[in-house]
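Novice: Predicted structure and sequence below. I'll ask about it afterward.
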Amino acid sequence: MRYSAFSIVKNALSGNLKWKPQWRQAEPKSHYDVLIVGGGGHGLATAYYLAKEFGVKNVAVLEKGYLGSGNVGRNTTIVRSNYMLPGNEPFYEFSMKLWEGLERELNYNVMLSQRGVIMLYHSDGQRDAYIRRGNAMWMEGVAAELIERDQLKKMIPFLNYDHARYPILGGLLQRRAGTARHDAVAWGYARGADRHGVDIIEHCEVTAIRRENGIVTGVETTKGFIGCGKLALAAAGNTSRVGEMADLKLPIESHVLQAFVTEGLKPCIDHVIVYGGGHFYISQSDKGGLVFGAEIDGYTSYAQRGNLATAEHVMEEGVTMIPGLSRVRVLRSWAGVMDMSMDGSPIIDRTPIDNLYLNCGWCYGGFKATPASGYCFAHLIAKNDTHPVARFLRLDRFARGYAVDEAGAGPQPNLH
Amino acid sequence: MASLITCPHCGVRPKEEFAIRGDASLLRPAPTASDEAWHDYVYVRANPRGRTLEHWQHVGGCRRFLVVERDTFTHEVHSVTDGAAFARENGR
Amino acid sequence: MIRDYYNRHALDEKLRGAPRPPSANHLAIGHRQAVAMALAMAGEEEAVEKLLSSTTEFAVRFSAPGEWLVVSENDTPEGLQRRLDALCSARVYIVDQSEARVLFRLSGPSTRRILAKGIGLDLHPTAFAVGTSANAFCGHIAVNLARTGEDAFELIAPRSFAESLFDDLMTMGREYDLTAAFAA
Amino acid sequence: MTAYRLTTGGLVDRSRALSFNFDGRPLRGFVGDTLASALIANDQLLVGRSFKYHRPRGIVSAGPSEPNALVTIGPGARSDPNTKATVAELYAGLTARSQNRWPSLGFDIGAVSDLLSLFIGAGFYYKTFMWPAQLWEKLYEPLIRRAAGFGRVVLERDPDTYEKSWAHCDLLVVGGGPTGLMAALTAARAGLRVILADEDFRLGGSLLSETQAIDGAPAHVFADRVVAELQALPNVTLLPRTTVFGWYDDNVFGAVERVQKHVAEPLAKLATERVWRVVARRALLATGAEERPLVFGGNDRPGVMMAGALRTYANRYGVAAGRSVAIFTNGSAGYQAARDLHAKGIAIAAIVDSRAAAEDAAPEGTRVIRSASVVDTKGRRRVSGMVVERSGFEELVACDVVGMSGGWSPVIHLACQRGAKPVWSDQLSAFVAPDVSGRLRLAGSANGIYTLSGCLGDGVAKASVIASELGFKPAQDALPETGEEADPSFTALWYAPGAKSKAFVDFQNDVHAKDLGLALREGFGHVEHAKRYTTSGMATDQGKLSNINAVGILAGMRGVKPADVGTTTFRPFYTPVSFGALAGPARDKHAAPIRKSPLHEWARKNGATFVEAGLWYRSAWFPRAGEKTGRESVDREVLNVRANAGICDVSTLGKIELFGPDAAEFLNRLYCNTLLKLPVGKARYGLMLREDGFVHDDGTVSRLAEEHFLVTTTTAMAGGVMSHMEYCSQVLWPDLKVRFCSVSDQWAQIAIAGPKARGVMQQLVEDDISDEAFPLLAAGAVTLKGGLKARLFRISFSGELAFELAVPAGFGMAVADQLMDVGRAFDICAYGVEALNVLRLEKGLATHAEFDGRVTPDDCGLGRMVSPHKADFIGKHLSSRYGLTAADRMQLVGLKPVDREKDIRAGAHLLREGMKPSTLNDQGWVSSACFSPSLGHHIALGFLKSGRERYGERIVVWDKLRDQEVVAEVCDPVFVDPEKARMKA
C-alpha cells in the first residue's frame, strides 16, 4: 500500500480498518543467498539496498529482539556529515545525500529535519581545529560555515555567552545537517525491504555460526538452522559476541552511552547544538522533548542502562551551555550499547572467512551512517568489492597503520 | 560497580573518582614479539559479555591502577586488586 | 644585594580584609606549615610506616601505598626534611610540598553535613574514625581528607586549586553560616 | 458551582488561608493544600488541553501519576513548565498558568484537530508530508512543532541555586505510608541508620486519606505519632518532599529533595533543590500501588477522575470534586470511595460495576448497576452525565463527576530500573517486581498487599528481616490494631466494551484504544513497537496510569495473556527531575575547577589579559597604554624578547620528580629518545609516544642527581602524562624501582628569554651562570641572592638565550616582581602565551597544534630523536608499521605567503596550484600560523604530503571557510636563526 495524503483520507473513510502490516512476520526458510544478522537500522538498510539496488532478493534479516530494538531506537537522532578526515568525510556525505532522498526512496516520512548542526568552539585552538574540519568538508563539496560570536548571538541568543567557564567564541555550522525520526528509519527500511521480498525474522537469535571448509554455511538460531550463501554481520554492540562464533578477532569494545529526553516543551531550540567544552549535544524533537546526551559512561558494558554520575555530568554540561535549561525537567534516560572501535571509526569489510562480511565499529555515529552503511555494505556483499567511499574503513587498517582517528585519541575506545 | 568501587587502599568510593583505562587481561608483548602479537595487544579486544578484567585508576584517591573484575552485563564487581600486585602475579 | 622575598599565601586574595567573627561552623586556613611527601623506597613501605607513626612531631596522612603526606606545625620545610631524613634515612624519598598544598580545617556541629555535599565517603564515625585520612574528591577537586576530631576535619588541597576549593566549601557551608579566616 | 470545599474535615489548616492565582484569576486555598486540591475547591477542574487533539482536560489523580493537570508555575525566570498541579504544594503568592491552549483555556483554536482525528491517528505523519520535500522544514514541521509540546520554557538564567549531597545508610525506605513508616520505625528502633524518603510534603502516604482507625486513633494521628518518634531518633533521617527517582548499581539511589519549591521567594542561603546520592546497604520500596483508570468512551472529559483521588480530595483536603458522583468500578475500591464520599455528604449517583456479582457494600440507598459498562460521557467542558450500557440497554445517568476504579498496580518502577523485567501475577492481575537482589525488597501495596493491616505488618516483617541480616536485633513489638477491612479484590477490565466515543488509554498523549488497534493492524503489536508507534506511555507521566491498560488491550486484541505482551522498560527517572537539580552547583564559572598559577596575581597586576587553558587561566598578553589590539601587544612582546629580554609565567607546565635506582631506565623506556646516559646537571628534550607509535607529548627531562630526575610536560597533557607514567610503572614494569610525585604546584616557574636574559638573571642569582659555568641545557639548584633556594634550567622555547627559573610557589610573585625591577635596566617586558606561541612558531617548534594525536616523530621532523638502538620503549614496535613510515605521509613544513602582504591562517588546507579542490587532491593543512614581527610577514607551519622534499614549491593555501586563497612558498619550518646561534649565546 502506497502512503500518501490520499491513502490516509481513503483509509480514514473506511474506519482505518484496511491498513496492512508494514512488514510481514516472516518465518525462516531453510536457505538464503544472504543472511544479515541484526535487524537494526544498518541491517535493514543493507537488506533494502541488496534487494533494490543490487538485485539480491533472497535475503533474510535476523533480529534477536524486536525490530529496531538496538541503537536505532535509542539514539539522539542526529544526522550530519561534518567530519574531518578523508577516511570519513566522503562516506558520511554519501550518507547525507541518501538521507536527503530517503523519504521518497522509501515512501516513508522519516522526518528528516535539516535544521542545522552547530558545534561550538571555546578557544582559538578549537576554532582552528574546526576551520580545518570545515575546509575538509568543503574539499568534499560539503558546505560549512564558521559562525562568529556576534552572529551566533543573534542566531542562538540563549547560550551562555557571559558566565561560561569556557567562553563561547563561535561555531561551525552545517546547515544541511539535522535530525530524523529514529524509529521511522528502521520501520521505513523494514517496509521497503519487505516490499522487495526480504524476510524479516524477529525474535530469532543466532546462537552459532556453522562453517565447513573455512566457509560459512549457515547459522544456528533459536528458530533452528538457517543456511546461507553469504553471512553479513550488523550486530552493533553485540558484534564481538557474534564475531566470536566465527573466531573473529575484533578491534571492538562495547560501551554504554546514555541519552535523555525532557518533558515536552513548545519550540525553543531550533538547531542541533554541540558543546565544545565537553561532549554535550541537544536538539528538540518535533514532539517538543529536548533530546540530549554527551560522553559514554567509560566502562565496557552490555547492559542498556547508565550511571548516575555520568548523567549528572551531562546535566552540568547542559546548564553550563544553556543556563535556561536549569528548570526544565528531564523525563527519561536510556542507554545503548555502542560498538566502539579502536580509532573511533567504523569498519565495513570482508573478514578472513571468505563469505563472512562485517559491519561494525559505529561508536556514537551509527544513526547518521545508516543509509550509507547499508548501501556500502550491500555493495560489498553483492559485488565482493568495497564501495569507494568506504575504502578507508577496513578491518586491517590497524595492522597496516592507517587508523582513521578523528579525535586523535589513540587506541583507547573510551576516549573516542 | 558502575556506582561504587571498593578500592583496596582507600575503601568504598564513587565511580567519578576513577578513570577507566581498559582491558587488564592483556600482557604487553616482548619488544621482539611478532607484529601480530603487537597488533592484538594494542588493537584486539575479547570484549566479553560477562566477566572481564579492567584497569580503573583511582585518580581521586591513591592514584593506583586497580584491576576490577566485573560483569559487563550485570555490572556486578567480583574483585578489585592492586594493578601492580596483579601484574607481578601474572608474570610481568 | 640581599633580598628577603615575601611568601604569598594562595588564599591571600580570598581572605583579604577583616574576618567575620567565627561562627559555630568555621573554616580555618592553615598558614606556614611544612608539608612533605614521603615516598618509601621499594620494600621499605612497612618500615617507613612504622617509623612515621612512631613520633608525634608531625601528622601523617595516608596518600597511597608507600606514600604519605607529612604535616608539621613546628618545622620549617628544610627542618622537616632533615627530621624525616634522620628518622627514616635511606628508606624514603622526601619531596617538599610545603608550597604545593593548602590546609583547610573545618570544624563545627554541621561539619559532616557540609562535607557530604562534596565528598562521597561515608563520614559516620564508625566508617571514618578520628585519625583516619585518605585522598578523595571534594566535588571535582582531589584533596587529602583527615578526621582530626568528632566534628573536625582537615582538607589538604593542591595550591592551584585552593581558591576553587575555598569557594566550593563556602558554598557548601552557607546553609550553616560557615565562616573562614586564616588560622591563628 | 459543582466542586467545592467541604465545610469541615481534612488535614488542611483552615485557619491559614493562602492566596494564589490561576490564569490571572485570584483564588484562595489553605496551608496543606496542593494546587490541585485548591483548584478543585475553587471549582476549577478544567486545567489544560491535551497534546494532539487539544481536548479540554481536568484533574484526574491526586498524585505524581497525573497525566492532565500540567501547569506552569512561577513568574519569569522562575517559571516551571509542566508542573503537575496534583503534587505542587500550595504557597502564598503561587501563580499558575494553563498550557497548550490558544487563545485561552476555555476556547482553544487547536481543538480543531479533534475534528480531524480520523485522519491523524497513530503514526499518520510517517505516511504523508513527503511532497514536496522542501516543504517539510518550512511548513509541516513548524506546524507540528507548534501544535506539540506543552509548557513554554523561559530560556533565561535561573536565579535559584542547587546542590548535591551524599548519604549513607543501612536502610533506605522509599515511601512514608503505612508500610514505610512501620518499616522505618522497626529498623530505627533496632539501631539501623535509616533514611526515609517520601515525595509528599507530609509523611503518612495513604494514611492521610484513610478513614480507618489505627490503635484507636485516626490514621493520620497514628502517622504523626510514628513520625514524631522517628524524628527524635539520632539514627534516622527523614526526607519529606524527596522523590527517589532512580536505582543504580551497587544499591545507590538518586533522590531529589524539593527544599524550597513551596515558597515564592527562596532563601539565598539554601538550595532550591538538592539531589541526594544515597548509598544504602539495604533498601525497602514501600511505594504503594497505583489505581488504574478504566478505558471507556468519553473517559477523558473533565470530571472523570480516579475514585481513589476523589477519596483523597475529600478526606485529606476536605474538597469535593462534585455534588453528584457516579462510580465506575471493577472492584471493591470503587465502593470504598463511594462510602467515604457518601459519609462526607456527597451524593452518589450510581455505582456501575463491570462484575456480575460482588460482596462489596455500597452506601445505603445507592443504586448499583452490575454487569454494566460506561460507554460514553456527556457534557461540554465538564461531565454532566454518563451513558451506561447493560445487556444492550443504554441509560443516561446524570452526574457531575465520574470516579473510575480499575484495580491496582503495585508501584514497582524502581525495582525494574536495572534490567530485570516485571513479572505477571495472575493472582493479582498485575505486574509485580522481579526478584532483583537481596539488597532491595518491596513491602506493602508495592508488594501486592492491599489491606492496611497487611501493609503495617509487612513493613515490620521486612524491616525485621533486613535488620537481622545486617546483624541487628529487631524488637518483637505488637502490631498496631486496625479494624475490620474490606476485601480489596477486583476483576481486571482492560477495555469497557461498546465505547460510543474515543476511549482514551494515554490521556496526555491522546492515545485511544483504536490507535492501539491500528498499531496492531500495521504490525506494531509488540509492546515496544506499539508504544513507539502510538506514543502511548511516552508523555510526562511515563504511562503511570496508561501502560497497564495498553498492555491489557494489546493482550486482548492479540488473544494472549498480559504476561505474553510484557511491559516496556522502566527507566530513570521515576518522575521528571530538573536539569538544575541534577547539575547541582557545578555550572557557569564553576562548571570546572579553576586552577591559578602562583604568578596569577603578578600577571594581573601587570595588566595581563587571561585565556583559559584547560583548567588554568594563563596570561595571554600584557597590553600597554595605546595598544589597540592584542596583536600589537604580542608583536611588541616578541620583538622585545628578540631584542632585549622578557619574562613569562610557565608555572602551568606539568612537573614530576622521579627517584630511584631504576628511574633512568624507566624514563628511557618511557621516552622514544635516549635518556639513560643523561649526565647529572643536564636537561634534555624528551619525546613520548603512545604505544601505537604516534606522538603523545613532549617536554624536558633533567637529571638532578644520579637517581633523581625532574620531567616537565605540556600544560595540556600534565594529567595525562602523570597517569601514563603511573600505568607504566604500576602495570607494565612493576619491578622497576622508581617512585615519583607531582611537584607542579610546588614551584612557580618563570621563563626569562632574550639576549639580555643572562644579564637580568645574574642580578638575582648567587651562582655563576656564565655560558661556561651554565651552558645550554644545564640544569640544577641555585641560590638566589638573599638565600632563597631555587632551580635553574638553561632551556629555550623561543630560540633565544633563555633560562627557566623555578622558585617555591609562594615566593613566585616576589621573585617575578624583582625580575621586573632589575630587568628595567635591560628593557625587560612581561610576555604571555600568545607571544610564546609566536616565538616558537618562528623557530618551527611543534606544540599540540601539531601533535594532534595523528603524527609520528618523523612527520614533525623529529625522526632522528627516535632511538634505533634501544631494546624497548613505549611505541617502538608499532612505529614501524607501513602506514606510519609511508613516503607520502604529511610532513611538517614552513609556509610563507608569496605575496608578503597576505595572511595565512590555521585550519586552511593545501592544494597544488591549478588543482581542483577535492578530498583526493587535498595535500595537507595548516596547523599554526601567525604574523611574525621578526620577519614582518605571516608565517605558518603545516603538514604537507612528502613535505620535506618540496621546499621551494608554491602551494595554494585554501581557506574556503573564509573564502580565501593564498599562494605560499613551502620552506623549512625554522624561520628564525636556523643555526641556533642566539640560543647558544
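Specialist: Received it, and whenever you're ready, just let me know what you need.
Novice: and the host helix or strand of A:M338, anywhere near chain B?
Specialist: Using DSSP states H and E, A:M338 maps to strand A:329-341. No. Using CB under 8 Å from any CB of the partner chain, strand A:329-341 stays clear of chain B, with a minimum separation of 9.0 Å. Placement of C-beta: from N, CA and C, glycine included.
Novice: Any part of that strand near chain D?
Specialist: Yes. Contact between strand A:329-341 and chain D is present through A:329-334 (criterion: CB under 8 Å from any CB).
Novice: Name the nearest residue to residue 21, sequence neighbours excluded.
Specialist: Picked chain A for this. Nearest-residue entry for A:P21: D:G523, 3.3 Å, with adjacent residues in sequence omitted and distances by CB to CB, 6 or more residues apart in numbering or on different chains.
Novice: Actually, chain B is the one I wanted.
Specialist: B:R21's closest residue in space is B:H55 (CB to CB, 6+ apart), at 4.0 Å.
Novice: Pretty sure B:F65 is one of the things the one you found touches, is it not?
Specialist: Yes. The pair B:H55 / B:F65 is scored as a contact, 5.1 Å apart, by CB atoms under 8 Å.
Novice: Within range of chain B, give me the residues from chain C.
Specialist: Counting by CB under 8 Å from any CB, chain C sits next to chain B at C:63-65, C:67, C:120-122, C:134-137, C:142.
Novice: and if you look at chain D?
Specialist: Counting by CB under 8 Å from any CB, chain D sits next to chain B at D:166, D:248-250, D:252, D:277, D:279, D:419, D:691-692, D:723, D:726-727, D:730-735, D:871-872, D:876-878, D:881.
Novice: Return only those of the residues you listed found close to chain A.
Specialist: D:248-249, D:252, D:277, D:419, D:691-692, D:878, D:881.
Novice: From the residues you listed, list the buried ones, please.
Specialist: D:248-249, D:252, D:277, D:691-692, D:878, D:881 (16 or more other CB atoms under 10 Å in any protein chain shown).
Novice: what about B:T32, how many neighbours?
Specialist: Residue crowding around B:T32 was assessed by other CB atoms under 10 Å in any protein chain shown; the count is 9.
Novice: quick one on the thing from earlier: quick one: the residue nearest to B:R21 and B:W38, what's the gap?
Specialist: B:H55 sits 19 Å away from B:W38, going by CB to CB, to the nearest Å.
Novice: my read is D:A751 is in a strand, agree?
Specialist: Yes. Counting by DSSP: H, G, I helix; E, B strand; the rest coil, D:A751 is part of a strand.
Novice: Let me see the contact set for it.
Specialist: Neighbouring residues of D:A751 by CB atoms under 8 Å, 6 or more residues apart in numbering or on different chains: D:647-650, D:797-798, D:802-804, D:836.
Novice: A:Q22 is in contact with A:I200, correct?
Specialist: No. Applying CB under 8 Å as the test, A:I200 and A:Q22 come out as separate, 10.1 Å apart.
Novice: Common neighbours of the two, please.
Specialist: By CB under 8 Å, 6+ apart, the residues touching both A:I200 and A:Q22 are A:190, A:194.
Novice: Which residue is the nearest non-sequential neighbour of the closest residue to chain A within chain B?
Specialist: Distances between chain B and chain A by CB to the nearest CB are smallest at B:N47, namely 3.8 Å. Excluding its sequence neighbours, the residue lying closest to B:N47 (CB to CB, 6+ apart) is A:S240, at 3.8 Å.
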